[in-house]
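# here is the input, now give the coordinates:
(chains A, B, C and D)
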Number of protein chains: 2
Amino acid sequence: MTLVKLNSFQDIKSEVLERITTRTWPPGELIPNEELLAVEFGCSRATVNRALRELSESGLLERKRKAGTRVVLNPVRKATLSISIIRDDIEKRGCTYGYVLLERAHIMPPLVLAKTWGVAAGRKMLHLKALHLSNSVPYAYEDRWINTEHIPRALEVDFSAHNANEWLVQNAPFTHGDIAFSAVNADARESEYLDVRERDAVFVMDRKTWHDQTPITTVRVLFAPGHRMHTTL
Amino acid sequence: MTLVKLNSFQDIKSEVLERITTRTWPPGELIPNEELLAVEFGCSRATVNRALRELSESGLLERKRKAGTRVVLNPVRKATLSISIIRDDIEKRGCTYGYVLLERAHIMPPLVLAKTWGVAAGRKMLHLKALHLSNSVPYAYEDRWINTEHIPRALEVDFSAHNANEWLVQNAPFTHGDIAFSAVNADARESEYLDVRERDAVFVMDRKTWHDQTPITTVRVLFAPGHRMHTTL
DNA sequence: ACTCTTATTATGTCTATACATAATACTAAT
DNA sequence: ATTAGTATTATGTATAGACATAATAAGAGT
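Numbers count the residues shown, from 1 in each chain, chains lettered A, B, ... in the order given. Reported below is the predicted structural model:
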C-alpha cells in the first residue's frame, strides 16, 4: 500500500471517483472505513468524511452507520438544476424582456386544484394569466393561482405592471416547493397566446410553493417550442 | 441579543432560513460573519460554516471571501433531480419491465452529432434504437449511439437481450455528462413505436456522457405522453 | 496620479479530539 | 427460548485551533 499524501477533500473525492470508475472498488462493494482511508491518504477522518459525504449526496456511494460505505449498484445520478427567473433567462441571451397580463380574476379555484394543493375549498383566490416576451416574441405563457387568504395584499397589486413571480419572491417567500416537468400539446387558446400552431409540443413546468404548511402560489408555465432545460452530471 | 443555544448545523440552517423568509435579513443584505453568528448561536464557527455553505449551495446565500455573506436578491433556486434508471422507474410502480431492440447498425454518425459530441468524423459507431415497455405498453423510445472506438466490446454484445444503458453503466462508466430536457412532437415513426398519434407531445431527454475527454454514449429518450419528471425545492 | 507592496478581513479548509447515533452482535436474566 | 440489557462498530456531527486564500483597503515609492 503506497501512502500518498492527498490532503484536500477534493483530491480524495476524485481519487475515490477514480477507484469507482476503474472498478478498483466495483459496484456493490464495501469500501474501507473512514479511519483506514484517512491513514491511507494521509489526512484526517473529517476530510475523508466530507469527500465521501459529497459523493453519497451525488448518488455514487451509499453510507450506513455501522454497516459502512458501499459503491451503489445502479447509480441513480443526481443532477442539480437551476430554476431560473424567466427575466434573467431572457436577458442572459441579450434579449429584451417583456411582460403582459392577459387575465385577472378573483374567483374560486377548481376543486381538483384545491384538493391537490391543500387550500380550503370554497375560498376565492387570485387567478392570473400572463405572457413573458423575449424581444416582443412570446417566450412563455403562465397560468397562476395566488392564495389571497394568506397574502391579501396581492389583491391590491397591479399585476399588469408587475411580474407576479417577481412580486411574490419579494413579498411572499416560500419555505418549500414542488416542481414537475412534462410535455403537452398546446390547445387552441395556448397556441394563440404563444403564437404557435395548435397541437405544437410545449415544455411545461408545474410548480407549487408553500410557507410551512400554508400554500402560497401554484403556477403552470408553458414554454414556446424549442425550449430546453439544461444541466450537467 | 438573546444568546440561544443552537448547536446543530440543521438548527442553524432553519434559523437562518427563518430570518431570510421573515426578512429579518432582507434580500441583498449582508449578514453577520461566521464568528459573530457562532457567538450568537453558541456554537463553533465550523458549524455555522456548514449551515451557511449548504444554504449557499441551494442558492439562497451568496458568499465571497473578505466581502462576506449576503442574502441573494433574486434567488435562483436549485433543485436536485434524480436521473433514474428506466427499469427502476417502471418497477417502482409495480409494473413489469420489458425491453425490445428495434434496430442495430454499425455506421457513420451524422456530421452534426460527431461535431457536438466530440467524436472523430468518419468513424463508424454503434447505433441502436430500442423500446422500453411497462406491462407490455410502450413507455419510452430510445435512439442511442455508442462510441465503439473506445468501447469495442460493445460490438460483441447482444443488445436484443441486454438493455444498452444497463450494460454501459456496468461496463463503461462515465466521469461526467450533459443532460437536456425538452418537448417535441412525435414524428411518424416515433408515434408508431410509442403507439400514440402523430404530433403528440412527448417529453425528451438528451444525454451525452464522457469518460474524461472520451465520448462514451449519447442517447435521446422519448417518453410516452403523460410522463412527468418530478422534484422538490 | 500611478503602480507596487503590505495589511486586513471573511470565507475556505484541515487537524485532532470527542461524543452522539444507528445498526448489529453478544450476554445475562427471566 | 425469549427478552432485556450491554458492547461494538462505522458513520454523523461538534469543537477549538490553525493556516490558506481571495478580495479589498491602505500605504509607500516613483
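
# tell me the mean pLDDT for stretch A:209-225?
In this model, stretch A:209-225 has an average pLDDT of 92.

# same check on stretch A:57-66?
92.

# assumed A:E62 was part of a helix.
No - A:E62: not assigned to a helix; according to DSSP: H, G, I helix; E, B strand; the rest coil it is strand.

# what sits against it?
Contact analysis of A:E62 by C-beta atoms under 8 Å, 6 or more residues apart in numbering or on different chains lists A:56, A:69-72. For every residue, glycine as well, the C-beta is placed using N, CA and C.

# now A:A46
Applying C-beta under 8 Å, 6+ apart, no residues qualify as near A:A46.

# against DNA strand C, how distant is it?
Distance from A:A46 to DNA strand C, counting by C-beta to the nearest atom of the strand, to the nearest Å: 3 Å.

# got phi/psi on that residue?
Per-residue torsions, A:A46: phi -60, psi -40 (degrees, to the nearest 10).

# bridged to the residue nearest the centre of chain A, which residues?
A centroid search over chain A (C-alpha atoms, centre = their mean) returns A:I83, at 5.0 Å, as the residue closest to the centre. Counting by DSSP bridges, A:I83 is bridged to B:R77.

# does it touch B:P75 like I think?
No - applying C-beta atoms under 8 Å, one finds A:I83 not in contact with B:P75, separated by 9.3 Å.

# what is the rounded mean pLDDT of stretch A:84-99?
90.

# so how far is it off the chain centroid?
Between the centre of stretch A:84-99 and the centre of its host chain there is 18 Å, according to C-alpha atoms, centre = their mean, to the nearest Å.

# can you list the buried residues in that stretch?
A:85-87, A:89-90, A:97-99 (16 or more other C-beta atoms under 10 Å in any protein chain shown).

# ditto for stretch A:59-74
Applying 16+ other C-beta under 10 Å to stretch A:59-74 flags A:59-63, A:69-72 as buried.

# quick one, helices of chain A?
Along chain A, counting by DSSP state H, helices occupy A:9-21, A:34-41, A:45-57, A:86-92, A:111-117, A:164-171, A:188-194.

# which parts of the third one are buried?
What it means is helix A:45-57. Under 16+ other C-beta under 10 Å, the buried positions of helix A:45-57 are A:47-52, A:54-55.

# where are the low-confidence patches of chain A?
Filtered on pLDDT under 70, chain A yields the residue ranges A:1-6.

# which parts of it sit against DNA strand C?
A:7-11, A:42-47, A:50, A:64-67 (C-beta under 7 Å from any atom of the strand).

# what's the closest of the residues you listed to A:G28?
For the residues of chain A next to DNA strand C, the residue nearest A:G28 by C-beta to C-beta is A:A67; the value is 13.0 Å.

# for that closest one, what are phi and psi?
phi -70, psi -30.

# show me the contacts for A:E103.
A:127-129.

# any chance of the contacts of A:E62 in CSV, plus distance to B:D200?
Shown next, in CSV, are the contacts of A:E62 (distance: C-beta to C-beta, whole Å):
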residue, distance to B:D200
A:S56, 39
A:T69, 45
A:R70, 42
A:V71, 40
A:V72, 35
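
# of these, which belong to strands?
Within the contacts of A:E62, residues falling in strands by DSSP state E are A:69-71.

# touching, A:G59 and A:V76? I think so.
Yes - A:G59 is in contact with A:V76 according to C-beta under 8 Å; the separation is 5.3 Å.

# tell me, what's touching the two both at once?
Taking C-beta under 8 Å, 6+ apart as the contact rule, A:G59 and A:V76 both touch B:S82.

# wait, which of the helices of chain A is closest to B:M108?
When those are compared by C-beta to C-beta, helix A:9-21 sits nearest B:M108, at 28.3 Å.

# picking up where we left off before, between the contacts of A:E103, which has the most around it?
When neighbours are counted by other C-beta atoms under 10 Å in any protein chain shown, A:L128 leads these with 20 neighbours.

# ok, what's across the strand from that residue?
A:R104, A:R144.

# cool, and the one 10 residues further on?
When bridges are taken as DSSP bridges, the partners of A:P138 come out as A:L133.

# got the contact list for it?
Applying C-beta under 8 Å, 6+ apart, we find A:P138 in contact with A:131-132, A:193-195, A:224.

# how does it look with 7 Å?
Neighbouring residues of A:P138 by C-beta atoms under 7 Å, 6 or more residues apart in numbering or on different chains: A:131, A:193-195, A:224.

# could I get those residues as JSON lines with neighbour count and distance to A:N163?
Shown next, in JSON lines, are those (neighbours: other C-beta atoms under 10 Å in any protein chain shown; distance: C-beta to C-beta, whole Å):
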{"residue": "A:L131", "neighbour count": "17", "distance to A:N163": "11"}
{"residue": "A:Y193", "neighbour count": "20", "distance to A:N163": "16"}
{"residue": "A:L194", "neighbour count": "21", "distance to A:N163": "18"}
{"residue": "A:D195", "neighbour count": "11", "distance to A:N163": "20"}
{"residue": "A:A224", "neighbour count": "20", "distance to A:N163": "17"}
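
# sorry, back to before: dump the buried residues of stretch A:84-99 into TSV; add distance to chain B as well.
Output for those, formatted as TSV (distance: C-beta to the nearest C-beta, whole Å):
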residue	distance to chain B
A:I85	5
A:I86	11
A:R87	8
A:D89	10
A:I90	13
A:Y97	13
A:G98	18
A:Y99	15
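
# list just the nearest of these to DNA strand C.
A:I85 (22.9 Å; C-beta to the nearest atom of the strand).

# the contacts of A:E103 into a markdown table, with extra columns for distance to B:A188?
A markdown table is the format used below for those (distance: C-beta to C-beta, whole Å):
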| residue | distance to B:A188 |
| --- | --- |
| A:H127 | 39 |
| A:L128 | 39 |
| A:K129 | 34 |
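
# filter those residues down to the ones near DNA strand D?
Okay, of the contacts of A:E103, nothing touches DNA strand D (C-beta under 7 Å from any atom of the strand).

# where's A:A164 relative to A:I146, distance?
Noted for A:A164: a distance of 7 Å to A:I146, by C-beta to C-beta, to the nearest Å.

# which of those two has more neighbours?
Set A:A164 next to A:I146 and count neighbours by other C-beta under 10 Å: A:I146 wins out with 25 against 21.
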